[in-house]
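[1] No letters, just coordinates:
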């Protein structure tokens, strides 16, 4: 099974900062990677699929990059509404797997 | 409005059973594969089960294989999760989520979730 590892587990940054979250796969997943945002008490929301394609309605402050085994999610200018836990998910192989999550806080 | 609405959660004792439902609306049900994904307290997201667009294929996480069964009723645009032999570690919010096999198995629509608590 493919393992997904995110870093850091928690991130504290100021409003307006550029924020980067890394996701590593234990084997090549090509570009079959998605990113989700989950706010407390809410369902996850799709942000990005195929490593870098923004889902409809997602602000352009979010971007994704990478292929193979290493991927990044970047928030170009952190806003208070971005406070959430972010998860990556591989869909190259069954079983589909999520990273353990990165919680983004405001400093 | 595209929507998935889960129901059926509750408090149940270890070893007992529970059946969750997920009703779809606002889109054509038949082309889409559906999944159950859970979120245990203090933990990350865990994919649980998959059913293909026509119900002919089912896959399960090792943690629930042999205990949980996913099914779908095309006439009601609804999927189900029959959970037997429940364990304390099955306590979680259970979400149903949609994937489009033509686009890839990422989850583009999620329900609001239903809480399952397994406790004596």
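    Cool, the structure landed. Everything quoted here is computed from the prediction, not taken from an experiment. Residues are numbered from 1 along each chain as shown, chains lettered A, B, ... in the order given.

[2] Excluding covalently adjacent residues, which one is nearest to residue B:69?
    Spatial nearest neighbour of residue B:69, excluding adjacent residues (Cβ to Cβ, 6 or more residues apart in numbering or on different chains): residue B:82 at 4.4 Å. (Glycine included, C-beta is placed from N, CA and C.)

[3] Skip ahead from the host helix or strand of the one you found and say which helix or strand is next.
    Using DSSP states H and E, residue B:82 maps to strand B:78-83. Moving toward the C-terminus from strand B:78-83, the next helix or strand (DSSP H and E) is strand B:92-100.

[4] Okay, now the sheet partners of that next one, with direction.
    Partner strands for strand B:92-100, per DSSP bridges, with pairing direction: strand B:33-39 (antiparallel), strand B:104-110 (antiparallel), strand B:114-118 (antiparallel).

[5] what angle do the shortest one and strand B:78-83 make?
    When you say that, I think you mean strand B:114-118. For strand B:114-118 against strand B:78-83, the angle by axes from the mean of the first three to the mean of the last three Cα atoms, to 10 degrees is 10 degrees.

[6] for the strand holding residue B:82, packing partners?
    Packing contacts for strand B:78-83, counted by 3 or more Cβ pairs under 8 Å, 6 or more residues apart in numbering or on different chains; DSSP states H and E, involve strand B:18-25, strand B:33-39, strand B:45-51, strand B:68-73.

[7] Counting neighbours, which bits of the first one end up buried?
    The reference is to strand B:18-25. Neighbour-count burial for strand B:18-25 flags B:18, B:20-24 (criterion: 16 or more other Cβ atoms under 10 Å in any protein chain shown).

[8] which one of the residues you listed is nearest chain A?
    residue B:22 (12.0 Å; Cβ to the nearest Cβ).

[9] what bridges to that closest one?
    On the basis of DSSP bridges, residue B:22 is bridged to residue B:6, residue B:79.

[10] That one reaches residue B:111, doesn't it?
    Yes: at 5.8 Å, residue B:22 and residue B:111 qualify as touching, with contact defined as Cβ atoms under 8 Å.

[11] coming back round to it: between the helices and strands packed on strand B:78-83, which gets nearest to residue A:10?
    strand B:45-51 (16.7 Å; Cβ to Cβ).

[12] Okay, angle between that closest one and strand B:78-83 too, please.
    With the same axes, to 10 degrees defining the directions, strand B:45-51 sits at 110 degrees from strand B:78-83.

[13] Tell me which other helices or strands the next helix or strand after strand B:45-51 touches.
    The first helix or strand that comes after strand B:45-51 along the chain, using DSSP H and E, is strand B:58-60. Here strand B:58-60 touches strand B:45-51, strand B:68-73, going by 3+ Cβ pairs under 8 Å, 6+ apart.

[14] and for the first one, what are the contacting residues?
    So the one you mean is strand B:45-51. Residues outside strand B:45-51 that contact it (Cβ atoms under 8 Å, 6 or more residues apart in numbering or on different chains) are A:36, A:38, A:44, A:87, A:89, A:94-98, A:101, B:33-40, B:57-61, B:63-64, B:68, B:70-72, B:79, B:81, B:92, B:94.
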